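Q: 3D, please:
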Amino acid sequence: MNNELQRRREQLLSDLPLNGMVVLIAGKGVKRSADADFPFTVNHNFAYLTNINEPDAILMMIKLAHRTSVTLFIRDIDLTLQKWNGKYISIEKAKEVSQIDSVMYVSAFESSFMSQLTRAGVNRLFLDLERLNMTDRPLAGELFAKKIKETHPALMIENIYPAIAKMRTVKSDAEVKKIEDSISITKNAFERMLKHAKTLTSEFELQAEFEYELKRKGASPAFDMIVAGGVRATVLHYVENDESLAEDQLVLCDMGASKNFYNSDITRTFPKSGKFSDRQKLLYNIVLEAMDAVFERIKPGVMLKELNDAVLSVYEKRLKDIGLINDRKEISNYYYHGVSHFLGMDVHDVGQTENMVLVAGNVITVEPGLYIEAESIGIRIEDDVLVTEEGYLNLSECIVKTTDEIEGLMSNG
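A: Take a look at the predicted model:
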């Protein structure tokens, strides 16, 4: 991993114009209320290049005609605050973790930054200016850009986010291994939950079983888990998980583990009673058929839209066969999301753009679903898949998925 960090930084520097400087900021804790903060989440582009998970840290990379340089700035050690909040990372440990030789305290950043502008001839500043929506809270890079525009209005400021996001779309073997580790933890947690499902009576009890296993393995939830019984499973982002479960209901669980910066994203749907009804099994197997159709299309050069088209082709035929629809346009009444997104350091990982094609090293989800509110049935099945030169590798194939496999595991609970 350490050599990989160096390779990533070298790749970014090689694409940087002369006299350019990259500044990436780890971020700060966000206030929750009174004197309490939300748990700190590091900027993932910063972590991608440093492996450092510390607030207030800054990465500075410079490309000049005669040299390149990489410097990491970490928090000044505050002996009093360490007694309250724990030890800060030391310069020696930061060097070891990041494989950056030049590590300084953040109190030296401003003078170092100014020196590069006034003496080294840096004239282009590249910041992480990620923004998904107009109403998003501005991140550290955007706040820094605003400050620099006030003090150095002639300095050209550009967005480095797209370049790093593009790098992150292609996963190394080490990154895939970390995703597989998170999938393995998810598998064990789901199996624990499934074995207890028949005796538990509420969505939050199922969630507790799953998250207990995550905590036991040193992982955390990758996102707000969905445990949706019956009609609630037709709401894509139902996260309240506070209702009781009926014996005849299907339960949709969208779940994932996060460890060492990398995530899994898995969905399974199972019968609370341990046995699918004939209708439930029929609909479930249609979703499974759509998933298999997507698998058949995954390979380098294929557009993500083509994967979703595979789902629609299956649904057009099979939903007509069972009398649920009469026309292809009606599919959107029962299937109203895309079948795939990128996966990695973020669950909905960065770098996905309109009309892009798959390349070897992409990790994507495959998650067809059917949502029939009138029947109180929501079904989604989701796996995590690596795109390979030959086609694909299902990284989560180890997690039970067919109706027979699910019923078999629940019968042994």
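Q: domains for this structure, by residue range?
A: 2-168, 173-411 (automatic domain parsing).
Q: redo those as CSV? Include mean pLDDT and mean neighbour count.
A: C-betas here are computed from N, CA, C, even on glycine. Below are these laid out as CSV (pLDDT from 0 to 100; neighbours: other C-beta atoms under 10 Å):
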stretch, mean pLDDT, mean neighbour count
domain 2-168, 96, 16
domain 173-411, 97, 19
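Q: partners of Leu59 in the sheet?
A: Bridge pairing for Leu59 (DSSP bridges) gives the partners Leu24, Leu72.
Q: got the end-to-end distance for stretch 163-173?
A: Using C-alpha to C-alpha, to the nearest Å, one end of stretch 163-173 lies 21 Å from the other.
Q: and stretch 18-32, by the same measure?
A: Using C-alpha to C-alpha, one end of stretch 18-32 lies 42 Å from the other.
Q: most centrally placed residue in this protein?
A: By C-alpha atoms, centre = their mean, the chain has its centre lying nearest to Val347, at 1.6 Å.
Q: can you tell me the SS state at that residue?
A: coil (DSSP: H, G, I helix; E, B strand; the rest coil).
Q: show me what contacts it?
A: Neighbouring residues of Val347 by C-beta atoms under 8 Å, 6 or more residues apart in numbering: Ala222, Phe223, Gly256, Asn263, Asp265.
Q: isn't the second one right next to Ile266, touching?
A: So the one you mean is Phe223. No: if you go by C-beta atoms under 8 Å, Phe223 and Ile266 don't touch, sitting 11.2 Å apart.
Q: so what sits against both of those two?
A: Counting by C-beta under 8 Å, 6+ apart, the residues touching both Phe223 and Ile266 are Gly256.
Q: any idea how far Pro300 is from the most far-flung residue of the chain relative to its centre?
A: Each residue of the chain has a distance to the centre, and by C-alpha atoms, centre = their mean the biggest one is for Arg119: 40.5 Å. Relative to Pro300, Arg119 is positioned 46 Å away (C-beta to C-beta, to the nearest Å).
Q: check Asp181 too.
A: When distance is defined by C-beta to C-beta, Asp181 is 25 Å away from Pro300.
Q: for Phe40, helix, strand, or coil?
A: Put simply, Phe40 is coil when judged by three-state DSSP.
Q: the closest residue in space to it that isn't next to it in sequence in helix, strand or coil?
A: Counting by C-beta to C-beta, 6 or more residues apart in numbering, Gly29 is the residue found nearest to Phe40 once chain neighbours are left out, at 4.8 Å. Classification of Gly29 using three-state DSSP returns coil.
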